[in-house]
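Asker: Just a sequence and a predicted model for now, questions to come.
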Amino acid sequence: MITAEKPRTQAEALEAVVIRFVGDSGDGMQLTGTQFSDTSAMFGNDVATFPNYPSEIRAPQG
């Protein structure tokens, strides 16, 4: 049986990348984003985050 190897691709350096994690309330999206940011930073990447809190979180009335 002969198998063909897939050609290797070279890594490409990018100036900027936007990654969005989206999910319903309670899906753990904030934890997912935190873990991704921490891991990416450990590999030496500069990371900037913008947490977008769910609309269910509101200031108390009064």
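Answerer: Perfect, I can see it now. Numbers count the residues shown, from 1 in each chain.
Asker: alpha carbons only for contacts and neighbour counts from here, please
Answerer: Fine.
Asker: roughly how far apart are residue 49 and residue 38?
Answerer: When distance is defined by C-alpha to C-alpha, to the nearest Å, residue 49 is 11 Å away from residue 38.
Asker: Which one's more surrounded, those two?
Answerer: residue 38 (13 against 10; other C-alpha atoms under 10 Å).
Asker: What's the local residue count around residue 33?
Answerer: Neighbours around residue 33, by other C-alpha under 10 Å: 18.
Asker: And it, its phi and psi?
Answerer: phi -60, psi -40 (degrees, to the nearest 10).
Asker: What of residue 38?
Answerer: The phi/psi pair for residue 38 (degrees, to the nearest 10) reads phi -60, psi -40.
Asker: which residues touch it?
Answerer: By C-alpha atoms under 8 Å, 6 or more residues apart in numbering, the contact set of residue 38 is empty.
Asker: So for it, what's the pLDDT?
Answerer: Reported pLDDT at residue 38 in the predicted model: 91.
Asker: ditto for residue 18
Answerer: 87.
Asker: how many other residues sit next to it?
Answerer: Residue 18: 6 neighbours (other C-alpha under 10 Å).
Asker: Kindly tell me how buried residue 32 is, as a neighbour count.
Answerer: Counted with other C-alpha under 10 Å, residue 32 comes out at 13.
Asker: same deal with residue 23?
Answerer: When neighbours are counted by other C-alpha under 10 Å, residue 23 registers 10.
Asker: what's the answer for residue 5, then?
Answerer: Residues near residue 5, counting by other C-alpha under 10 Å, number 6.
Asker: Look up how far residue 51 lies from it.
Answerer: 42 Å.
Asker: now the chain, which segments are flagged as low pLDDT?
Answerer: 1-2, 25, 52-60, 62 (pLDDT under 70).
Asker: hey, where'd the helices end up in it?
Answerer: For the chain, the helices defined by DSSP state H cover 29-42.
Asker: Okay, strands next: where are they in it?
Answerer: Counting by DSSP state E, one finds no strands in the chain.
Asker: Tell me the spacing between residue 36 and residue 16.
Answerer: Residue 36 sits at a distance of 16 Å from residue 16 (criterion: C-alpha to C-alpha).
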